[in-house]
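Asks: Predicted coordinates and the sequence they were generated for:
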Amino acid sequence: MSIATQFQANLGAEVTALLGSKHRFFKSRMDIRAEAPQGHNVVILSGSNKYSPFIDVAFYFGKNFAAVKALEPKHGLHHFLYHIQKYSYNRASFSEFSFDGPCTWSIDINNPPSNLAQEIAAAIKP
């Protein structure tokens, strides 16, 4: 595992802990999931480390619907982690979120801001 990937995994675990017990972090896909009516919500941490040790951190908001999930194997369809999604750059269009801070972060993984996980958790939490 690269240092950047390990950084993201640690960040995902820390953000998940801040979001509370109904959220679970899946390191293999770098996603945070929470049960929701008729399915689950998912936040996928996305990072680019083209200019290592700097990475850009953003995320996708997604929704997985139980009814669609049940149909996927019956029709030979691929199982999707989420059925609809929005990228954090488009976060301002989510009317249910009141957070007006950043939607992406450019981080030096050798010297990350101490409040990074708190900021990301605030951006994700409705």
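Replies: Received the coordinates, thanks. Numbers count the residues shown, from 1 in each chain.
Asks: other SSEs contacting the lowest-mean-pLDDT helix or strand in the chain?
Replies: Ranked by mean pLDDT, DSSP states H and E, the weakest helix or strand in the chain is strand 84-87, scoring a mean of 76. For strand 84-87, the elements it packs on are strand 54-65, judged by 3 or more CB pairs under 8 Å, 6 or more residues apart in numbering; DSSP states H and E. (Each C-beta comes from the backbone N, C-alpha and C, glycine too.)
Asks: which neighbours does the strand it packs on have in its sheet, and in what orientation?
Replies: strand 39-51 (antiparallel), strand 84-87 (antiparallel), strand 105-108 (antiparallel) (DSSP bridges).
Asks: Is there a neighbour count for Gln38? I'd like the number.
Replies: 11 (other CB atoms under 10 Å).
Asks: what sits against it?
Replies: Shown in contact with Gln38 (CB atoms under 8 Å, 6 or more residues apart in numbering): Phe65, Ala66, Ala67.
Asks: Quick check: PyMOL command selecting the buried ones in those residues.
Replies: Selection of buried members from those for PyMOL, criterion 16 or more other CB atoms under 10 Å:
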select buried, resi 65
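Asks: from the contacts of Gln38, which is closest to Ala121?
Replies: Phe65 (24.8 Å; CB to CB).
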